[in-house]
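*Asks:* next come a sequence and a model predicted from it.
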Amino acid sequence: MDLSTGFGLKGLKQLRRAWIEVEQEALSRITGKVRPDLPKDDLHLIRRQIDDCLSETGGAASARARAARLGGVYLDLDAEGRDNFLKLLAFEYGVKNDALRESARAWLALASEDQAVDLTNRLDAEARLRRTLQSPRMCLLTQFNDLPEGVKFLADMRAQLLKIRKEDPQLRAFDREFKDLLASWFDVGFLKLRRIAWDAPAALLETLAEHEAVHAIRSWQDIKHRLAAPDRRCFAFIHPQMPNDPLIFVWVALTDGISERIDDVLRIDQGELNPDKADTAVFYSISATQPGLDGVGFGSFLIKRVVDRLCRDHKQLKHFATLSPLPGFERWLTEEHEHPSDQQHPRVQKGLEVLADAGALERMFVDRSWLRDEAALAKVSQPLTVLAAHYLMREKYGEGARDRVANFHLSNGASIERINFPADVSRRGQKQSAGLMVNYRYRLKDIENNHESYYGKGETAHSRAIANLLRIRMPD
């Protein structure tokens, strides 16, 4: 009998798929092996292993073995299975509310007594409350930390959690716990600043190329220029348990004066400068490599540590600045043009009118040729830089700058020094920043005051040149 005549080809495929699922479910029940997508029928197998890990039976070796076994199961899951694993931890292994209420009552009863109550009893109740506040899932994650590559395993696990955390409040609560745990393990005091040179292992160089987020590395010759040229440097934060995985890295050019154009930094045929003759260090790209460490704030210390290192190695350096993109500028400008609000600032309104009259708004983010059209550039240079100054100084997200790169550097204690145009004529530079780039300057004597003013008062440190841009009255 030809089954295909009765079911049709599509129906036959569905039947085979159903039979395979039945077979896999039966094998799962017989062998105890979890299927890659971790369906509901397999969750009991994971619960059993998690509970074994949390039981604290046996010695340290047994605990490591159980954690390694469970970690191996997680690694064998596909993306859907890993999501289901994390949801199980979020929904079933949080803080035990009944135990928490009981511990809180006991502590409150003792805390509300007068000073005559036995101090030992009060401290014991406080300790029990603290233990109850630690969720079982956090106890489980600390067991993974003891395994080889355990820290990397956990960073990757959180990267998976970040993809689904918005789906449910319990997932967000799990993520907050997870981030706090990783922050304690990736405290800047544990991290080593390392200069990456051309003779580093090939795998490490490939990591730099893969994760470069600002100016793509296009060849081995390109990365060699950035690492081996005498006036180029690369520094990274390294965790002791991840010696070949830089967490975040920064590219530095030693220059004569603060660079205005990225081509002057990236061009391989650019003449090299004796590093002992340089007076400026330009930070032209910062990239993170571990998505699972998002929100763990060691990145804010990187530039400060690099500045300290450069000051020791090259005592003649006087200036420290970035050459940075404006990654949110295109979106903001488009919003202001297409959906102007009643409260639109007159400066923005006038700047957009000038750009529109010059025919620049239609070409700015889609046609690279306009960045090489000197007549067009002469018309748009002033309104564009004025709009950029307004965007950096006045447009906010919460209490900080709307532009994420600006917020990063300003929160680190930098000031907005100069807006350069045209500074990046690459396709990416045109699309996100309309060819603009910014110098954020780190003056050593002002870093702490700038940081405190930005966080405490919402004040943005800036140069006289930026202030002058905001005073420009554009022609009618």
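*Replies:* Nice, thanks for sending it over.

*Asks:* for residue 444, grab phi and psi.
*Replies:* phi -60, psi -40 (degrees, to the nearest 10).

*Asks:* what's near enough to touch the closest residue to it other than its chain neighbours?
*Replies:* Nearest non-adjacent residue to residue 444, counting by CB to CB, 6 or more residues apart in numbering: residue 307, 7.0 Å away. No exception for glycine: its C-beta is placed from N, CA and C like everyone else's. By CB atoms under 8 Å, 6 or more residues apart in numbering, residue 307 lies in contact with 281, 320, 442, 444.

*Asks:* closest to residue 328 out of the residues you listed?
*Replies:* residue 442 (21.7 Å; CB to CB).

*Asks:* surely the closest one meets residue 321?
*Replies:* Yes - Residue 442 is within contact range of residue 321, at 6.7 Å (criterion: CB atoms under 8 Å).

*Asks:* list the contacts for the residue nearest to residue 250 when sequence neighbours are not counted?
*Replies:* In space, and not counting its chain neighbours, residue 250 is closest to residue 286: 4.7 Å by CB to CB, 6+ apart. When contacts are counted by CB under 8 Å, 6+ apart, residue 286 touches 214, 248-251, 299, 302-303, 408.

*Asks:* can you rerun that using 10 Å?
*Replies:* By CB atoms under 10 Å, 6 or more residues apart in numbering, the residues touching residue 286 are 213-214, 248-251, 299, 302-303, 306, 322, 324, 405, 408-409.

*Asks:* quick one on the thing from earlier: in helices, which of the contacts of residue 307 fall?
*Replies:* Members of those lying in helices (criterion: DSSP state H): none.

*Asks:* the helix or strand harbouring the residue nearest to residue 250 pairs with which strands, parallel or anti?
*Replies:* Per DSSP states H and E: residue 286 is located in strand 280-288. With DSSP bridges as the test, strand 280-288 is paired with strand 248-255 (antiparallel), strand 319-322 (parallel).

*Asks:* in the stretch of helix or strand residue 207 belongs to, which residues are buried?
*Replies:* Element membership of residue 207 [criterion: DSSP H and E] is helix 202-211. Along helix 202-211, these residues count as buried under the neighbour rule (16 or more other CB atoms under 10 Å): 204-205, 207-208, 211.

*Asks:* same check on stretch 377-396?
*Replies:* Applying 16+ other CB under 10 Å to stretch 377-396 flags 377, 379-380, 382-393, 395 as buried.

*Asks:* for it, give the mean pLDDT please.
*Replies:* Stretch 377-396 shows a mean pLDDT of 94.

*Asks:* how far is that stretch from where the chain is centred?
*Replies:* 27 Å (CA atoms, centre = their mean, to the nearest Å).

*Asks:* residue 452 contacts residue 458, doesn't it?
*Replies:* No - counting by CB atoms under 10 Å, residue 452 sits too far from residue 458 to count as a contact (11.4 Å).

*Asks:* before we move on, back to that, any chance of the contacts of residue 307 in TSV, with distance to residue 234, neighbour count and pLDDT too?
*Replies:* Converted to TSV, these look like this (distance: CB to CB, whole Å; neighbours: other CB atoms under 10 Å; pLDDT from 0 to 100):
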residue	distance to residue 234	neighbour count	pLDDT
281	12	25	98
320	16	24	98
442	18	23	98
444	22	12	93
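
*Asks:* that older thread, ok, of the buried residues of stretch 377-396, which one's closest to residue 38?
*Replies:* The closest of the buried residues of stretch 377-396, once distances to residue 38 are taken by CB to CB, is residue 395, at 43.9 Å.

*Asks:* all helices of the stretch 1-150 of the chain, in order?
*Replies:* Ranges of helices in the stretch 1-150 of the chain, per DSSP state H, counting those that start in this stretch, are 3-31, 43-54, 60-76, 79-92, 97-111, 119-133, 136-145, 150-162.

*Asks:* among the ones you listed, which is nearest residue 423?
*Replies:* helix 150-162 (32.5 Å).

*Asks:* what angle separates that closest one from helix 136-145?
*Replies:* Interaxial angle, helix 150-162 versus helix 136-145 (axes from the mean of the first three to the mean of the last three CA atoms, to 10 degrees): 140 degrees.

*Asks:* which positions within helix 150-162 qualify as buried?
*Replies:* Per 16+ other CB under 10 Å, helix 150-162 contains these buried residues: 150-158, 160-162.

*Asks:* between the buried residues of helix 202-211, which is closest to residue 231?
*Replies:* residue 208 (18.2 Å).

*Asks:* wait, that closest one touches residue 246, no?
*Replies:* Yes - with contacts counted by CB under 10 Å, residue 208 reaches residue 246, the gap being 7.1 Å.

*Asks:* joint contacts of those two?
*Replies:* Common neighbours of residue 208 and residue 246 (CB under 10 Å, 6+ apart) are 196, 200, 234, 236, 287, 289.

*Asks:* now residue 201. Nearest residue, chain neighbours left out?
*Replies:* Residue 201 sits nearest to residue 244 (CB to CB, 6+ apart), 6.4 Å away.

*Asks:* what's the answer for residue 73, then?
*Replies:* Per CB to CB, 6+ apart, closest to residue 73 is residue 34, 5.6 Å.

*Asks:* just list the residues touching the one you found, thanks.
*Replies:* Counting by CB under 10 Å, 6+ apart, residue 34 has contacts 28, 42-43, 45-46, 49, 73-74, 76-77, 81, 85.

*Asks:* now do 8 Å
*Replies:* Counting by CB under 8 Å, 6+ apart, residue 34 has contacts 28, 42, 45-46, 73, 76-77, 81.

*Asks:* same thing with residue 406?
*Replies:* Here residue 406 is in contact with 324, 326, 392, 416, 438, 440 (CB under 8 Å, 6+ apart).

*Asks:* and stretch 192-204, how far out from the chain's middle?
*Replies:* 21 Å.

*Asks:* in the stretch 251-400 of the chain, which spans are strands?
*Replies:* 280-288, 319-322, 396-397, 400-401 (DSSP state E, counting those that start in this stretch).

*Asks:* report the central residue of the protein.
*Replies:* Residue closest to the mean C-alpha point of the chain, counted by CA atoms, centre = their mean, is residue 294 at 4.2 Å.

*Asks:* so that one makes contact with residue 162?
*Replies:* Yes - Residue 294 is within contact range of residue 162, at 6.3 Å (criterion: CB under 8 Å).

*Asks:* any idea how far residue 45 is from residue 73?
*Replies:* 8 Å (CB to CB, to the nearest Å).

*Asks:* quick check: the farthest pair among the shared contacts of residue 208 and residue 246?
*Replies:* Longest span within the shared contacts of residue 208 and residue 246, CB to CB: 200 and 287, 15.8 Å.

*Asks:* need the helices for the stretch 351-476 of the chain, in chain order.
*Replies:* 360-363, 374-394, 404-411, 427-433, 447-457, 464-471.

*Asks:* that older thread, for the contacts of residue 307, which one is nearest residue 96?
*Replies:* residue 442 (47.8 Å).

*Asks:* give the contact list for the closest one.
*Replies:* 303, 307, 320-321, 412-414.
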